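Chemist: Pasting the sequence and the predicted model now:
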Amino acid sequence: MSGHSKWNNIKHKKEKSDAAKAKIFTKIGKEMAVAIKAGGPDPNNNSRLRDLIAKAKANNVPNENIQRTIKKFTDSGNIDFEEITYEGYGPSGVAIIVETSTDNRNRTAGNVRAWFSKYGGNLGQNGCVSYLFEEKGVITILDEDDEIEEDKIMEDALECGAEDIKCDEGEYTIYTSTEDFSAVRDAIVAMGYTLDTADIAKVPSTYVELTSDEDIENMEKMLDKFNEDDDVNAVYHNWNA
């Protein structure tokens, strides 16, 4: 029974991951535009662009699509996207950070404010919740075929320079410092592991439990709206879902 439950959990996580990946390259493309504007189109001299290329590849974006996007924003010479971060609170005080890349800050701010308000939260001032998060490299691996030995992956991750690894019913989450992220990611891939996601993320230091069905439903709907918005690159929260 536990094996069946584990398989269902992995399947559910993979479905959620695949749904997110369906839209991810639109968002990565905007991040690439900002990175190219700041540091140029050569990934050898632009670490941010290099990490975004690795992120795209980890999400199975074809190399020709990546190169086409880099060429598009290099040739255009007119990159209007800017990165804006919003902070606020969800139901029952859940801390939320929304990172965006936009060519129209009024549109993006209006949408973000609307999703906070509609689902029992409120948009706050910059810095109101960011102190509750720490930037880390976060790498996830899904063991769909139940082939990974927990002790082995933990040993391998630490050998590659990871700070910590958490195991949750077939999903392995590896944490690194931001400085070591690229090296750890590349070392884990070199060991033969297939990554589900790999990115710099904001990891909460404390978590909030939601006990009300209404709060849980509102939180889920709010996160769905943020993730559906093409201007939104990432959403971080401290809801212990």
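Modeler: Looks like it came in fine.
Chemist: How far off centre is the longest strand belonging to the chain?
Modeler: If each strand of the chain is counted by residues according to DSSP state E, the longest one is strand 133-142. Distance of strand 133-142 from the chain centroid (Cα atoms, centre = their mean, to the nearest Å) equals 8 Å.
Chemist: Tell me the neighbouring strands of that strand, and mark each as parallel or antiparallel.
Modeler: strand 171-176 (antiparallel), strand 197-204 (antiparallel) (DSSP bridges).
Chemist: Just the C-alphas of the last one, formatted as PDB.
Modeler: Yep, that's strand 197-204 we're talking about. Provided in PDB are the C-alpha atoms of strand 197-204 (Å, rounded to 0.1, in the frame of the first residue of the first chain):
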ATOM      1  CA  THR A 197      14.500  21.400 -11.400                       C
ATOM      2  CA  ALA A 198      17.600  23.400 -10.500                       C
ATOM      3  CA  ASP A 199      17.600  27.100  -9.600                       C
ATOM      4  CA  ILE A 200      18.500  29.700  -7.000                       C
ATOM      5  CA  ALA A 201      15.500  30.000  -4.800                       C
ATOM      6  CA  LYS A 202      14.300  31.700  -1.600                       C
ATOM      7  CA  VAL A 203      13.900  29.100   1.200                       C
ATOM      8  CA  PRO A 204      11.800  30.000   4.300                       C
END
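Chemist: next structured bit after that strand?
Modeler: helix 213-228 (DSSP states H and E).
Chemist: same check, this time on the first one
Modeler: Proceeding C-terminally, strand 171-176 gives way to helix 181-190 as the next helix or strand, assigned by DSSP H and E.
Chemist: Cheers, nothing more for now.
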